[in-house]
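Student: my questions are about this predicted structure, shown below with the sequence.
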Amino acid sequence: MDLLQLSARVSPVPLSLRDSIKAWFTYSQAQAAESELYLFSRSGYFKGAELGNASAGDILADAFEAERKNVTSAKLSASHYATIGTEPAADGKVGYIRPIDIGSPKRGLLSRLFKGPSERHINTVEIGAPTRDRDGETNIVIVHGYGAGAAFFFRNMQTLASVPNSRVYAIDWLGMGRSSRPSFAKPKGKTVLERMQSTEEFFIDSLEKWRVKMNIDRMVLVGHSLGGYMSSVYALRYPERVSRLVLVSPAGFSDGSLNDMAQRFKDSKAADKGQKMPFLLTPRGQRIVSWAWNNVSPFAFVRSTAFFGPWMSSSYTRRRFGELEQNELRAIHAYCHGVFSDRSSSEKCLPYILKPGAYAHYPLASRIAPLKMPVSFLYGSHDWMDVQGGRNAVNTLREAGNNDAGVHVVDRAGHHFFRQWYASPNQLVRLRTKDGVLRIAVEPDDDAQVLIDKTGADASTLTLSTEPRVAGKPASELCGKTLRELGIGHGHLLYAEFAAREEAAPAAPAAPATPAEAVAPPQTSGQTPRRPWESVQEDAVDRYWATQDGRITRKRDAQFCRHGDKGMCDYCSPLEPYDQKYHTEHGIKHLSFHAYLRQRNTAQSGTYVPPLSEIDYKVRVPCPSGAHAPWPAGICTKCQPSAITLQRQPYRMTDHVEFAHPSIIEGLLDIWRKTNAQRFGFLIGHYEPYSDVPMGIKAVVEAIHEPPQQGDVDGLVLGIPWDDQERIQRLAESCGMQVLGMIYTDLEAADPTHTDTSRAGKVACKRHADSFFLSGAEAVFAAQLQQANRNPTKSSTTGFFNSRFVTCVLSGTPEGVIDVAAYQVSEQAMGMVEADMIEASVSPAVVRVKPSSESRFVPDVFYRYTNKYGLDVKESAKPTFPIEYLIVNVSHGFPNTPSPRFLSHSFNVENRPGLHDQELGTFLRGVNAAQSAQELIHLLSDWHLVAFLGTTGLLGEEDVQALARVATSHEESALNELVSRPAWQTISAIAATEGANDADAAAGATATGAAADTADDGAPAGTSDGISCPHCTFINASGSTDCDVCGLPL
């Protein structure tokens, strides 16, 4: 068919009543068929096609071969002819339009939905290679929305068909588009649910019969609007037939009223050209609209108004498709009028599925949980469909264990964004680079410079071509020209070759970078890396697991394996590190972080995209829509956070806390025993692989550093950060360690009166299942510290994800002994604290959700639980919710054969004034007492001593680093390096002087002591000055039974 003759065959778009009358007399369904072919020919897959040049009964390969042999089917009836392209495109594919006979309906449907027998065929557009070998092909099936047709996607067919090894189908629903129009009766049923199920069955049955007829095993199902609703229902009914579900602005996922829909229209700011702003309906107006919704089809007006019909169709097409060029607009008008004016059929389904305003009788957001395949929701940023419904559905899917679900909002698009960007034609240019394919939204009059900017390349080395591995034009020749002038339009694929900016001009050789400099390249002021995850320096344990296979090896099963020692079968093959059955059998409650990451990466493509992104519950400022003033002056669905459904975190960042030596804990308990005051400390150590959990990580604690604090019997006061915090962090790095978490005591004597001998030496159990394990205040505090110590990772779009910071509590067990309990708070807790959404409650077992205010927006927060009847219940978390939803348990323990980095723990602990004062003299006396190199190494291998010496001013920064190497390596070579430094020579001289003074003082003290013993011989000791406490050494008044300071018995 000569496409240039379209304007002569297809009626012009009527702009007046006179034109409409003329079009009404001359119009026929043949114009719709010709227009459909014209529109799909824009994809380039219908070269040489003519109406009826193939047989509808053939598969694409047979039809193509028959056409090549000049076997025509012109004598066939209109319901049996098909149209096929005769010249394959550059990728070897051709287009094929034909009706597919799906046979009679189910017996139940015949009685409920049909008035007598009727022919049933589905109009199908297929683009694929004309071959019978279809193994490994990806079948992409697109279904349209209410009252539309497959030709609405004519601009998208080329892009979809470019997917490697794919076959694309666009079909018309039975009773819509150019499919057959069987009679459609009111579904029989006593309830709304029964009528809805009958109507859904009509569409689902026809789609399944079409799939069987087309011999498609599995497909990627793409549904728009009402087609998205039906696609979801089909996936629920036949999940084994859908490999991926893509829902484009789907209907039926939300619940609401007519005025809610009207308000969203208003917020969308007329996303489609010429769309009028709706008004809010009065109760009477709502009743009128509801009656019309349930009883009147919008297309009945086109059929019943005779010669007004073409003019009414043209008002729709000019408003919806006004941006098309003239021939395309004329073709789409003829196509739409043919669809609208054809006999009434399944368009009558609407009131049985949706309520007025396109809200579902039974929203799919609550029905979609059983789906296990990947599900994607696409909305336009100016879409009048409620994006919140898609977000709620994604939350439901993730709660049910389907983590491969997401919502994507396309900028500047409305409800029909598959054919139109907001206020501009749909222009999406693909740019294939060495880093992957970039999809760039552009305007036709944009300068080519926008493509260069998106690559992040040096313009002097960039070349662009339309073919792979072909020399392209330098970017310098393209700058200054518009994309329209260059012939670059929507869907074009360009190939870019370039050198990265840092590769373009090699710098002169520089000195080797220090470890601190190697962490991240320096950035100029205001500069942010284009890919933050690329400049992140991960921990050594992360780099280790990234190089490991991670799978769980299994031995040969003597009972089930039937092969030799070198064979392998399903009973002994390695398991994935996230295998649920393995975790259940071994009592592992949470996945390790890297097992979780491996699970998220199972479907990753060759182009690397970080699979993780940090939770952000804050209002986006400024709003991406730009439609209102920034928060708090204005807010809309585009900038406000989605509703939050609290759920247990399935993974944990740290799987185990290991204390390198029991004396580390004992040092913290000792001060409680002496003062009865609570104590706090930071855990200093490093991370190692943990073999008891697949791809696990353990935090090995080598020391506890106590910051300045004021302890009390029932709590303590901290100042974080404190003045010395940065120095301690640098010192830990010098020792090859870092801050791993925090630990604090919550201890109380089981018998404060000391009258019950059976409870002597025991502590009270304050934390248990009937009270709390971690209070709300502690959880908020932990979230703040975790947020301040985020985990760097290349697997997150921001370069950071969650935190490995742990919280350890020393408290009493039900048996009355002291034990450690280790926790983390979830990523949701971190996000809610960062957004200032939650706070501690009066009851320690619950957390309070803060109310919204002028400066704080708090979305709806929910949590799920199973009630006493075994039913899943979803409740609002306002005003409070249980703390357990924010807690992640972490195991703890001690090594069987301790091998700590610090050999000594004898030096006094920091920040214990009056009780354990750190003095230089104590250290100098230890130096004088050391008789060998190993004794000196043992003395220096003490975290508290190393931290103290850094404050004396005797050692410089490099001297402290040398001391840290001695303390952690225990090697004599490191000691020799230290003692050869001038700073250590100074310390040695001071120690020698201190030793001489101590000797003189000791001699004088001996003589004085002898005289005193003679004078006081026979006098009772301590009777006149009081009684000294054996626990804290406080001198109490004579006759006291308990210490006035620590409260312990004398």
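Tutor: Done, it's in.
Student: so the residue nearest to residue 846 when sequence neighbours are not counted versus residue 829, what's the distance?
Tutor: Distance criterion Cβ to Cβ, 6 or more residues apart in numbering; nearest residue to residue 846, sequence neighbours excluded, is residue 880 at 4.2 Å. Every residue, glycine included, has its C-beta placed from N, CA and C. Noted for residue 880: a distance of 14 Å to residue 829, by Cβ to Cβ, to the nearest Å.
Student: look at these two and report which has more neighbours.
Tutor: For residue 880 and residue 829, the more surrounded residue by other Cβ atoms under 10 Å is residue 829, and the numbers stand at 27 against 16.
Student: just the element for that one, please.
Tutor: Assigned by DSSP states H and E, residue 829 belongs to helix 827-834.
Student: what does that helix contact?
Tutor: If you take Cβ atoms under 8 Å, 6 or more residues apart in numbering as the criterion, helix 827-834 is touched by 614-618, 644, 646-647, 649, 779-780, 782-784, 786-787, 801-803, 838, 885-886.
Student: how about stretch 83-95?
Tutor: 37, 40-41, 43-54, 60, 63-64, 67-68, 96-98, 125-130, 157, 161-162.
Student: now which of those would you call buried?
Tutor: Listed as buried from the contacts of stretch 83-95 are 37, 40-41, 43-46, 49-54, 60, 63-64, 67, 96-98, 125-130, 157, 161-162; burial here means 16 or more other Cβ atoms under 10 Å.
Student: take those and keep only those in helices.
Tutor: 37, 40, 41, 60, 63, 64, 67, 157, 161 (DSSP state H).
Student: domains in the protein, by residue range?
Tutor: Following automatic domain parsing, one finds the domains of the chain at 427-502, 644-893, 920-1009, 1021-1050.
Student: which one of the ones you listed lies closest to residue 194?
Tutor: domain 644-893 (23.3 Å; Cβ to Cβ).
Student: ok now that closest one, how far from the chain's centre?
Tutor: On the basis of Cα atoms, centre = their mean, to the nearest Å, domain 644-893 is displaced by 24 Å from the centre of the chain it belongs to.
Student: cool, and stretch 153-170?
Tutor: 28 Å.
Student: quick one: end-to-end distance for it.
Tutor: Start to finish, the residues bounding stretch 153-170 are 8 Å apart (Cα to Cα, to the nearest Å).
Student: which parts of that stretch are buried?
Tutor: For stretch 153-170, by 16+ other Cβ under 10 Å, it's 153-162, 166-170.
Student: and the two most separated of these?
Tutor: Longest span within these, Cβ to Cβ: 155 and 167, 19.1 Å.
Student: near residue 449, how many residues? Count them for me, please.
Tutor: Count around residue 449 with other Cβ under 10 Å applied: 14.
Student: next up, phi/psi of the nearest residue to it once chain neighbours are set aside, please.
Tutor: Closest residue to residue 449 apart from its sequence neighbours, by Cβ to Cβ, 6+ apart: residue 479 at 5.4 Å. Backbone torsions of residue 479, given as degrees, to the nearest 10, read phi -60, psi 140.
Student: also residue 236?
Tutor: phi -70, psi -40.
Student: surely it touches residue 370?
Tutor: Yes. Between residue 236 and residue 370 there is a contact under Cβ atoms under 8 Å: 6.3 Å.
Student: where does the stretch 201-350 of the chain dip in pLDDT?
Tutor: Along the stretch 201-350 of the chain, segments meeting pLDDT under 70 span 256-283, 285-286, 322-323.
Student: in it, which spans are helices?
Tutor: Remark: helices assigned in the stretch 201-350 of the chain by DSSP state H, counting those that start in this stretch are 226-237, 258-267, 283-295, 300-304, 309-320, 326-341, 350-353.
Student: over to the stretch 801-950 of the chain?
Tutor: Using DSSP H, counting those that start in this stretch, helices in the stretch 801-950 of the chain cover 827-834, 920-929, 933-940, 943-949.
Student: for residue 403, find the nearest of the ones you listed.
Tutor: helix 827-834 (13.1 Å).
Student: mind listing the helices for the stretch 651-800 of the chain?
Tutor: Using DSSP H, counting those that start in this stretch, helices in the stretch 651-800 of the chain cover 662-675, 725-734, 776-788.
Student: of these, which approaches residue 705 most closely?
Tutor: helix 725-734 (5.9 Å).
Student: contacts for that closest one?
Tutor: With Cβ under 8 Å, 6+ apart, helix 725-734 has contacts from 682, 684, 705, 707, 738-739, 946-947, 950, 960-961, 964-965.
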